[in-house]
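[1] Need the 3D shape of this:
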Amino acid sequence: MDPIMIPILGIVFGCTIPVVAIWAKHQQKLAKIHGETTAHATAEKAAQYASQVQRLEDRVQVLERIVTDRGYDVATQIEALRDTREVESDGAGVPLNIGNKETA
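    Just a heads-up that it's a prediction; the model follows:
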């Protein structure tokens, strides 16, 4: 090895060490941000699943009431629930102005 190479290698390694330290710190920040994002997405999915489970439980309770209530006809109850669901859906009950030929 040439005597001139030793100082050159020292300068190269001396300049490389801070660059590697900055890069490592940046990678740690990215990992932390990614971890927070993943945790937020997981919490959001858990809330969606909980909401869906609650809706399903409500539906099962309605079905249990229908099946255990012997005073009513099951088919009539199911139709009544369908009618209720149609009224509760978006836009239900909004007049469509069909046949209305008035112009503004």
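
[2] any idea where the helices of this structure begin and end?
    5-68, 74-88 (DSSP state H).

[3] Let me see the confidence value for Thr103.
    At Thr103, the model reports a pLDDT of 49.

[4] okay if I get the helices of the chain as a markdown table plus mean neighbour count?
    Bear in mind the C-beta positions are built from the backbone N, C-alpha and C, glycine included. Formatted as a markdown table, the helices of the chain follow (neighbours: other C-beta atoms under 10 Å):
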| stretch | mean neighbour count |
| --- | --- |
| helix 5-68 | 10 |
| helix 74-88 | 11 |
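
[5] want to throw those helices into JSON lines with mean pLDDT?
    Below are the helices of the chain laid out as JSON lines (pLDDT from 0 to 100):
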{"stretch": "helix 5-68", "mean pLDDT": "86"}
{"stretch": "helix 74-88", "mean pLDDT": "69"}
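
[6] and Ala24, how far is that from Phe13?
    16 Å (C-beta to C-beta, to the nearest Å).

[7] I misspoke; the intended subject was Lys45.
    As defined by C-beta to C-beta, Lys45 lies at a distance of 47 Å from Phe13.

[8] And Asp83, by the same measure?
    Distance from Asp83 to Phe13, by C-beta to C-beta: 79 Å.

[9] Then Arg55?
    Counting by C-beta to C-beta, the gap from Arg55 to Phe13 is 63 Å.

[10] Same check on Val67?
    78 Å.

[11] Could I get the contacting residues of Leu81?
    Contacts for Leu81 (C-beta atoms under 8 Å, 6 or more residues apart in numbering) come out as Val62, Ile66.

[12] could you redo the last one with a cut-off of 10 Å?
    Arg59, Val62, Leu63, Ile66 (C-beta atoms under 10 Å, 6 or more residues apart in numbering).

[13] now Thr16
    Thr16 sits next to no residue when contact means C-beta under 10 Å, 6+ apart.

[14] now swap in Ala47 and tell me
    No residues are in contact with Ala47 under the rule C-beta under 10 Å, 6+ apart.
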